[in-house]
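Enquirer: structure here, sequence nowhere to be found:
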């Protein structure tokens, strides 16, 4: 018992020291959030506002991140010292199936342009935010970082996954060949304020939330859920991801792309039931089994990040309530998509 208590005390002291004296301090640094208007980028802005750093941003109308010259020129002119790469073309299973070029080409160009220009202009630190879709469909669960490239990818999001993997490998290549402090991290299924609530193109939480709201308003007898409802998923609030991103910028420097997960999983049926509870929709559920389920289970092994001293803080139902509140407050953006 005494030894256990001593070990716990040592871990707490080490975590406090790491927060007070990070390996890479953001104090006084200029940090560019690439993709600041998206859900992930907006959360990164909120989190970085708590740090004593200068936050850089650029609008899509000013710089096309798919254009190598434009990206290089902007970085040369603005001289960020650290970069969070959150810019990406994203969407759910149907969007991945219908727009393979957008998911592959756009994401390849965005990531490679930023990473290459960051090297050319000697950016001190770069974090590329990937996705859990990089892992093989049949990899052992929970998914560990070591399972990357050990098997075939899930066909329903292969285009997105290939682009993310290429960017991760590029970060590793610049570390290996040029000693750049470029790191990568992959979260699991994200949700939160600023999400895309398009019923056809969005991820599962905004799609179900928008449909549940519509079903409540229209007094529908049942809410249709795509797939069997039996597959297992892990979800993370985007503000937890943003907190992890800042933590990793400050405390992580390795070529291993690190997992960021909540550690909690549930079935899609359970998720739909929780969303109906949040929305206060009391109708039934039906399941359209003609729609693809995707991988049977997707849970990240978060041991590596937990050992560094970071864990997620926002419970799922609390995060869903916050997201629904945002949805209601932004009806001009979201309401007409269902």
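Expert: Okay, I see it. This is a predicted model, so every value here is computed, not measured.
Enquirer: so where do the strands sit in the protein?
Expert: Taking DSSP state E, the strands of the chain run over residues 30-34, 54-56, 82-85, 125-129, 182-187, 189-191, 222-226, 232-237, 258-260, 265-267, 284-288, 297-298.
Enquirer: for the third one, packing partners?
Expert: Other helices and strands packing on strand 82-85, by 3 or more Cβ pairs under 8 Å, 6 or more residues apart in numbering; DSSP states H and E, are strand 30-34, helix 107-120, strand 125-129, helix 238-251. Where you see a C-beta, it was placed from the backbone N, CA and C, and this is true even at glycine.
Enquirer: for the strands of the chain, give me CSV that also has mean neighbour count, distance to residue 161 and mean pLDDT.
Expert: Converted to CSV, these look like this (neighbours: other Cβ atoms under 10 Å; distance: least, Cβ to Cβ, whole Å; pLDDT from 0 to 100):
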stretch, mean neighbour count, distance to residue 161, mean pLDDT
strand 30-34, 25, 20, 98
strand 54-56, 16, 29, 98
strand 82-85, 26, 16, 98
strand 125-129, 25, 14, 98
strand 182-187, 25, 10, 98
strand 189-191, 22, 14, 96
strand 222-226, 18, 20, 94
strand 232-237, 22, 16, 97
strand 258-260, 24, 15, 98
strand 265-267, 17, 20, 97
strand 284-288, 13, 24, 97
strand 297-298, 20, 12, 92
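Enquirer: which among those is found nearest to residue 323?
Expert: With Cβ to Cβ as the criterion, residue 323 lies closest to strand 189-191 of those, at 5.9 Å.
Enquirer: tell me the contacts of the closest residue to residue 110 other than its chain neighbours?
Expert: Distances taken as Cβ to Cβ, 6 or more residues apart in numbering place residue 65 nearest to residue 110, at 4.5 Å, with adjacent residues excluded. With contact set as Cβ atoms under 8 Å, 6 or more residues apart in numbering, residue 65 has these partners: 34-35, 71, 87, 109-110, 113-114.
Enquirer: ok, now how distant is residue 65 from residue 283?
Expert: Applying Cβ to Cβ, to the nearest Å, the value for residue 65 to residue 283 is 42 Å.
Enquirer: which residue ranges of the chain form helices?
Expert: Remark: helices assigned in the chain by DSSP state H are 2-20, 39-48, 68-78, 93-98, 100-101, 107-120, 158-178, 204-217, 238-251, 268-279, 303-308, 316-329, 331-334.
Enquirer: burial count for the residue nearest to residue 216 when sequence neighbours are not counted?
Expert: Spatial nearest neighbour of residue 216, chain neighbours left out: residue 281 (4.1 Å); criterion: Cβ to Cβ, 6+ apart. Counted with other Cβ atoms under 10 Å, the neighbours of residue 281 add up to 23.
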